[in-house]
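Trainee: Structure for the following, please:
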Amino acid sequence: MSEHGECWTALPIAAVGALYLNGIQRLVRENLVVLFGAGTGFAVSDALGWYEFALIGMLVLAVGLLVAVIYHRRFRYLVADDHIRVRQGLFEQTQVKVRFDRVQNVSFSQPVYLKPFGLTRLGLETPGAAQTEVRLPGIRTSEAERIHDLVAACQDNGAAAVEDNGLREPEADLQASAAPAAVFSTRIGDLFGYGLTSNQVWILLALFGAPVSNWIERRSSGWVSELTANGLPDEVWLEHAPWLLGLAAGGLIVALALALMLLSGLLAVIRFYDYRLTRDGGRLKSRSGWFDVREKTLNQSRLHSMELVQTAIGRAIGHWYALGHQAGAGHGEQGLATDRRFLIPGIHSSQLETVAAALVGHSWQEPDWQPIDRRFRNRLWARIVSPIFVSGLVLWMLPQWSAQWPAAVLMLASLLLGAVIHQNYKRWGFAFDGTRVQIRRGLIGQRISSFEIARCQQFRLTCSPYQRRHGLASLVLRLPHGDATIPYLQRELADDLANQLLFQVEQAQTQTL
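Mentor: Purely as a prediction, here's the structure:
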């Protein structure tokens, strides 16, 4: 009880365990490279044994538990009818106050270790925040539902005018329907496919592939040296040993990549198990998870843009995933950091239009794309491909036979790089129907960005000396979550688009004042 009679609530005792496990997960996630480097050093070093390694691990775990207990004792929150306040901190205590009418996302999470205690993690996100402004790491499920109802009631009744990055939004008509309407659900195969298409597979391969290969090489070289000293192997076999070891290392890396892809698919199934997207009035709600059941609510009127993503593997199996961006949303890769974007995974190509329409609030279909100027491709060819090809050609003309192999490699690489640049140029496209801008880019896969022009905060035209000489310009649009660029447009077209964008933005601002 404070001096003003306000009753601050402490977290349940069982929340200490949640704080402890959350801290360990965060430590591993944010220091993955450092921890992997330390583990690799332990594996290849003779300075530390298992006893020392276990002792260090126990010390770290003990310190983490002490930190969780202290943090729990200093954590307090207070819920009012229209706002929530949270006091938290380890050494320096801070207090955060969030009005419910400013909340744009309400997220629930109930890991398997919280279910027996009836606890739920609750997060409240507001526009413009670098991270979630309020996160209650373990409260009673009934209390979490009460806070959710207070947020929904405050927004539905229009308790206050909502301002988002300088744009005042009209009061949204969020009349709740009698029952939430189902919009989209996934099958296990779709979720497994989403895991296969995740880019984190290649990040993990980059982390694990090189150290594993180096470890195999060192161990194998020592083994071959030992056999040679004993005079056991055949000399012919020893001559081919480097090639055999190289093939073995390559095969293991390929096997590792396949294993990581399989693991990524299984993790996606566990994370998004039984994914369901529903609409409740003007809000979208997603619910998923096997061991950690998560629920996230999105106020659709606060959605600034939509991205539809199809990776290279996703294109091969016909799968997409969708991202809904809001002001202040993070850009972390899925699964590698706390991600505040509204994610819809495992979308089959036949369901893409349905999901996109649910996000934008009206019917959607892929437009007829307008291409950018071919000088975008020609410029990259001249700056990147030509020097490599000319270098290879010069080496090929040298009299030494030994220079022709590097020359052939350089010329072949330049041709392959030229094909990649051409494919990237062909993937670029844009469309503008008077109110909504859509931009497509990619290489083998593709990424489609779609947003209403009224959501733009500003725009600018950029011209390099090369572009000015050929009457070209690039249009850069500033959105609440970042920039979107349409490169190498004819200057007349760029000016016309800029004028239409300016008119739409001014009209939208006039209507909301």
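Trainee: Where does pLDDT dip in the chain?
Mentor: 1-6, 27-50, 52-53, 128-132, 156-179, 199-250, 327-340, 400-403, 505-513 (pLDDT under 70).
Trainee: Could I get the full set of strands for the stretch 51-200 of the chain?
Mentor: 76-79, 83-88, 94-99, 105-111, 119-125, 134-140, 162-164, 167-169, 181-185 (DSSP state E, counting those that start in this stretch).
Trainee: quick one, the second one and strand 119-125 angle?
Mentor: So the one you mean is strand 83-88. Interaxial angle, strand 83-88 versus strand 119-125 (axes from the mean of the first three to the mean of the last three C-alpha atoms, to 10 degrees): 110 degrees.
Trainee: mind listing what's buried in strand 83-88?
Mentor: 83-86, 88 (16 or more other C-beta atoms under 10 Å). No exception for glycine: its C-beta is placed from N, CA and C like everyone else's.
Trainee: got CSV for the strands of the stretch 51-200 of the chain, with distance to residue 318 too?
Mentor: As requested, these are exported to CSV (distance: least, C-beta to C-beta, whole Å):
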stretch, distance to residue 318
strand 76-79, 46
strand 83-88, 43
strand 94-99, 41
strand 105-111, 30
strand 119-125, 32
strand 134-140, 37
strand 162-164, 36
strand 167-169, 37
strand 181-185, 16
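Trainee: Deepest-packed of those strands, please.
Mentor: Among these, strand 119-125 has the highest mean neighbour count (mean count of other C-beta atoms under 10 Å), at a mean of 24.
Trainee: can you pull out the strands in the stretch 401-513 of the chain?
Mentor: Going by DSSP E, counting those that start in this stretch, the stretch 401-513 of the chain shows strands at 429-432, 436-441, 446-452, 458-462, 472-479, 482-490.
Trainee: want to try JSON lines for the ones you listed, with distance to residue 397 as columns?
Mentor: Output for the strands of the stretch 401-513 of the chain, formatted as JSON lines (distance: least, C-beta to C-beta, whole Å):
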{"stretch": "strand 429-432", "distance to residue 397": "41"}
{"stretch": "strand 436-441", "distance to residue 397": "39"}
{"stretch": "strand 446-452", "distance to residue 397": "41"}
{"stretch": "strand 458-462", "distance to residue 397": "40"}
{"stretch": "strand 472-479", "distance to residue 397": "36"}
{"stretch": "strand 482-490", "distance to residue 397": "35"}
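Trainee: Would you mind putting these into JSON lines with distance to residue 282 and mean neighbour count alongside?
Mentor: Shown next, in JSON lines, are those (distance: least, C-beta to C-beta, whole Å; neighbours: other C-beta atoms under 10 Å):
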{"stretch": "strand 429-432", "distance to residue 282": "26", "mean neighbour count": "19"}
{"stretch": "strand 436-441", "distance to residue 282": "19", "mean neighbour count": "21"}
{"stretch": "strand 446-452", "distance to residue 282": "16", "mean neighbour count": "20"}
{"stretch": "strand 458-462", "distance to residue 282": "27", "mean neighbour count": "14"}
{"stretch": "strand 472-479", "distance to residue 282": "21", "mean neighbour count": "20"}
{"stretch": "strand 482-490", "distance to residue 282": "25", "mean neighbour count": "18"}
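Trainee: so residue 494 makes contact with residue 473?
Mentor: Yes. Counting by C-beta atoms under 8 Å, residue 494 touches residue 473, with 4.1 Å between them.
Trainee: which neighbours do those two share?
Mentor: When contacts are counted by C-beta atoms under 8 Å, 6 or more residues apart in numbering, residue 494 and residue 473 are jointly contacted by residue 461.
Trainee: and stretch 389-399, how far from the chain's centre?
Mentor: With C-alpha atoms, centre = their mean, to the nearest Å as the basis, stretch 389-399 stands 43 Å off its chain's centre.
Trainee: related to what we said a few turns ago, ok, which of the strands of the stretch 51-200 of the chain comes nearest residue 356?
Mentor: Closest to residue 356 of these, according to C-beta to C-beta: strand 181-185, at 10.5 Å.
Trainee: what comes into contact with the closest one?
Mentor: For strand 181-185, using C-beta under 8 Å, 6+ apart, the contacting residues are 274-280, 284, 344, 347, 351, 354-355, 358.
Trainee: just the buried members of the residues you listed?
Mentor: 275, 277-279, 284, 344, 347, 351, 355, 358.
Trainee: With secondary structure and distance to residue 291 added, can I get the residues you listed in a markdown table?
Mentor: What follows is these, written out as a markdown table (DSSP: H, G, I helix; E, B strand; the rest coil; distance: C-beta to C-beta, whole Å):
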| residue | secondary structure | distance to residue 291 |
| --- | --- | --- |
| 275 | coil | 14 |
| 277 | strand | 21 |
| 278 | strand | 22 |
| 279 | strand | 27 |
| 284 | strand | 24 |
| 344 | strand | 21 |
| 347 | strand | 23 |
| 351 | helix | 26 |
| 355 | helix | 25 |
| 358 | helix | 27 |
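Trainee: Tabulate these (a markdown table), appending distance to residue 187.
Mentor: A markdown table is the format used below for the buried ones among the contacts of strand 181-185 (distance: C-beta to C-beta, whole Å):
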| residue | distance to residue 187 |
| --- | --- |
| 275 | 9 |
| 277 | 14 |
| 278 | 17 |
| 279 | 20 |
| 284 | 20 |
| 344 | 14 |
| 347 | 11 |
| 351 | 11 |
| 355 | 14 |
| 358 | 18 |
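Trainee: Wait, residue 127 touches residue 105, no?
Mentor: No. Taking contacts as C-beta under 8 Å, residue 127 lies outside contact range of residue 105: 9.7 Å.
Trainee: which residues are common contacts for these two?
Mentor: residue 326.
Trainee: List the residues that contact the closest residue to residue 89 other than its chain neighbours.
Mentor: Nearest residue to residue 89, sequence neighbours excluded (C-beta to C-beta, 6 or more residues apart in numbering): residue 74, at 6.1 Å. Contacts for residue 74 were tallied using C-beta under 8 Å, 6+ apart; they are 87-90, 93.
Trainee: Apply 10 Å and report the result again.
Mentor: Residues in contact with residue 74 (C-beta atoms under 10 Å, 6 or more residues apart in numbering) are 10, 87-91, 93.
Trainee: From those, which land in helices?
Mentor: With DSSP state H as the criterion, helices contain none of these.
Trainee: so which two of those are the farthest from each other?
Mentor: Longest span within those, C-beta to C-beta: 10 and 91, 19.0 Å.
Trainee: okay, these two: which has more neighbours?
Mentor: The neighbour comparison of residue 10 against residue 91 (other C-beta atoms under 10 Å) goes to residue 10, with 12 against 6.
Trainee: how far away is that one from residue 75?
Mentor: As defined by C-beta to C-beta, to the nearest Å, residue 10 lies at a distance of 7 Å from residue 75.
Trainee: What is the neighbour count of the nearest residue to residue 100 once chain neighbours are set aside?
Mentor: Nearest residue to residue 100, sequence neighbours excluded (C-beta to C-beta, 6+ apart): residue 154, at 3.9 Å. Per other C-beta under 10 Å, the neighbour tally for residue 154 reads 19.
Trainee: quick one, what contacts residue 154?
Mentor: 81-83, 99-103, 160.
Trainee: does residue 12 really touch residue 19, like I thought?
Mentor: No. Residue 12 lies out of contact with residue 19 (C-beta atoms under 10 Å); the separation is 11.1 Å.
Trainee: any shared contact partners between the two?
Mentor: Common neighbours of residue 12 and residue 19, using C-beta under 10 Å, 6+ apart, are 72, 138.
Trainee: Neighbour count: these two, which is higher?
Mentor: residue 19 (21 against 16).
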